[in-house]
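**Student:** fold the following.
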Amino acid sequence: MSDSLQNAPAPGTPVHEPLAHGTLETPSGKSAADENFPVGSWLIRPDLRRHVHTFYAFARGADDVADNPDLAPDDKVARLTRMGEIILGRGNRATEEAESLACVRMRASLAETKVTPQHCLDLLQAFTQDANKARYRDWDDLLGYCFLSASPVGRQLLDLHGEGAACRPGADALCNALQVINHLQDCAEDYKALDRIYLPTGYMAEEGAEIADLARPALTPAMRRVLDRTIAPLEGLLAECADLVMQVDDVRIALECQVIRTLAARLTRRLKNEDPIATRVELSKPVAGGLALGALASGLWRRRARPAPRPAALHS
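**Tutor:** Predicted coordinates for the structure are as follows:
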């Protein structure tokens with residue numbers, strides 16, 4: 001899953017319920033409180049937060065299956081396939097709560113909010129891909145993965161808030177940028193723990209970098225060039241989502257987007273100048289908090305001239 005930002009729960013710290021695990025799931029012990037980005041923060045409309053947490057619980061459970069080093073790829077695929085069946089209400093309904101209560105609750109949330117199940121299915125496809133694919137050739141190959149592993153998160157939140165399709169390109173760009181940032185932060189850990197390399201292997205070949213360089217204590221000059229080439233397109237993604245704060249009708253989710261984009265931009269600059277193999281590149285809580293406050297202020301200032309939004313969609 002997309003651990004995309006800093007260790008601070010900016011811009012707010014919600015209360016999280018324990019995740020429910022079934023026989024399909026292999027919990028890693030991670031929860032929303034452990035994520036590097038806000039999950040259902042106080043900026044999210046209060047009536048929608050429980051649906052955000054339900055979506056997180058589903059995604060966390062599926063991601064843990066994909067990342068479990070003790071499961072064979074075929075076992076992972078079988079479990080993820082069954083999760084998709086539960087989301088769609090297919091298969092043995094008598095056993096589904098024991099298999100994955102998180103998926104059952106996700107299906108109920110989708111029914112209540114009238115949000116399409118496609119975003120959940122896309123995430124499951126990404127996790128299934130993780131079970132079978134460990135290398136990415138070039139930027140387009142990596143971005144294709146991000147459209148399955150990251151974009152559905154933003155689309156789920158937009159649909160939950162009743163936002164229109166006009167916001168989708170900006171939200172996709174923001175989520176995909178967050179995913180790539182996370183891959184850059186975790187490039188060594190992903191290789192050593194899971195034998196996954198999200199850095200384009202074509203770049204590695206062209207720059208003379210070796211896969212084994214990811215297990216070294218610090219970046220080699222060749223691997224630094226690979227990172228720089230992977231970082232370069234992030235500027236375009238961040239530019240594409242710069243106006244998301246103005247495009248989104250709901251002021252709360254608009255400001256959430258502004259905060260996350262601001263943090264992502266700072267992390268991108270840090271990754272240009274620091275070594276994610278030698279040390280974890282992240283934002284301290286004071287820095288993240290200051291950036292969040294600045295983003296809230298700038299977002300509110302920019303929205304002053306925005307026309308009044310249409311009435312919010314009704315959700316329970």
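**Student:** all contacts plus neighbour counts: C-alpha atoms, from now on.
**Tutor:** Noted.
**Student:** this protein: strands as residue ranges?
**Tutor:** Per DSSP state E, the chain carries no strands over any range.
**Student:** as a quick check, tell me the outermost residue of it.
**Tutor:** The C-alpha centroid of the chain is most remote from residue 94, which lies 31.8 Å away (CA atoms, centre = their mean).
**Student:** quick one, phi/psi of that one?
**Tutor:** phi -70, psi -30 (degrees, to the nearest 10).
**Student:** okay, it: pLDDT?
**Tutor:** According to the prediction, residue 94 has pLDDT 89.
**Student:** list the contacts of the residue lying closest to residue 295 once chain neighbours are set aside.
**Tutor:** Excluding the flanking residues, the one nearest residue 295 by CA to CA, 6 or more residues apart in numbering is residue 259, at 5.1 Å. By CA atoms under 8 Å, 6 or more residues apart in numbering, the contact set of residue 259 is 11, 291-292, 295-296.
**Student:** how close does residue 147 get to residue 129?
**Tutor:** To residue 129, residue 147 is 12 Å away according to CA to CA, to the nearest Å.
**Student:** whoops, residue 297 was the one
**Tutor:** 40 Å.
**Student:** between these two, who's got more neighbours?
**Tutor:** Comparing residue 297 with residue 129 by other CA atoms under 10 Å, the one with more neighbours is residue 129, at 17 against 14.
**Student:** need the contact list for the more buried one.
**Tutor:** Residues near residue 129 by CA under 8 Å, 6+ apart: none.
**Student:** how near is it to residue 88?
**Tutor:** Here the criterion is CA to CA. By it, residue 129 lies 20 Å from residue 88.
**Student:** okay, now the residue nearest to residue 303 when sequence neighbours are not counted: neighbour count?
**Tutor:** Counting by CA to CA, 6+ apart, residue 303 lies nearest to residue 246, which is 6.2 Å off, once chain neighbours are set aside. Neighbours of residue 246 under the rule other CA under 10 Å: 22.
**Student:** just the one 5 residues further on next, same as before
**Tutor:** For residue 251, the tally of surrounding residues (other CA under 10 Å) stands at 19.
**Student:** show the pLDDT at the nearest residue to residue 154 once chain neighbours are set aside.
**Tutor:** The shortest distance from residue 154 to any non-neighbouring residue, by CA to CA, 6+ apart, is to residue 171 (5.7 Å). For residue 171, the model assigns a pLDDT of 98.
**Student:** which residues touch residue 171?
**Tutor:** Contacts for residue 171 were tallied using CA under 8 Å, 6+ apart; they are 151, 154-155, 241, 244.
**Student:** go on, residue 252?
**Tutor:** The contact partners of residue 252, by CA under 8 Å, 6+ apart, come to 43-45.
**Student:** all helices for the stretch 51-200 of the chain, in order.
**Tutor:** In the stretch 51-200 of the chain, the helices defined using DSSP state H, counting those that start in this stretch lie at 73-88, 96-99, 101-113, 118-132, 139-149, 151-160, 168-185, 187-194.
**Student:** out of those, flag the one nearest residue 253.
**Tutor:** Checking the helices of the stretch 51-200 of the chain against residue 253 by CA to CA gives helix 151-160 as the closest, at 8.3 Å.
**Student:** and residue 229, how many neighbours does it have?
**Tutor:** Residue 229: 17 neighbours (other CA under 10 Å).
**Student:** again with the one 10 residues further on
**Tutor:** When counting by other CA under 10 Å, one arrives at 15 neighbours for residue 239.
**Student:** how close does it sit to residue 26?
**Tutor:** Residue 239 is 38 Å from residue 26, by CA to CA.
**Student:** so where's the chain shaky on pLDDT?
**Tutor:** In the predicted model, the chain carries pLDDT under 70 at residues 1-21, 29-40, 308-316.
**Student:** and the longest helix for it?
**Tutor:** helix 251-273 (DSSP state H).
**Student:** quick check: domain ranges of this protein?
**Tutor:** Using automatic domain parsing, the domain parsing of the chain gives 18-35+46-115, 133-306.
**Student:** wait, isn't residue 267 in contact with residue 283?
**Tutor:** Yes - counting by CA atoms under 8 Å, residue 267 does reach residue 283; the two are 7.2 Å apart.
**Student:** picking up where we left off before, what's the residue farthest from the centre of the chain in contact with, if anything?
**Tutor:** Applying CA under 8 Å, 6+ apart, we find residue 94 in contact with no residue.
**Student:** try residue 77
**Tutor:** Residues in contact with residue 77, defined by CA under 8 Å, 6+ apart, are 128, 131.
**Student:** separation between it and residue 101?
**Tutor:** In terms of CA to CA, residue 77 sits 19 Å off from residue 101.
**Student:** same thing with residue 171?
**Tutor:** Residue 171 is 29 Å from residue 101, where distance means CA to CA.
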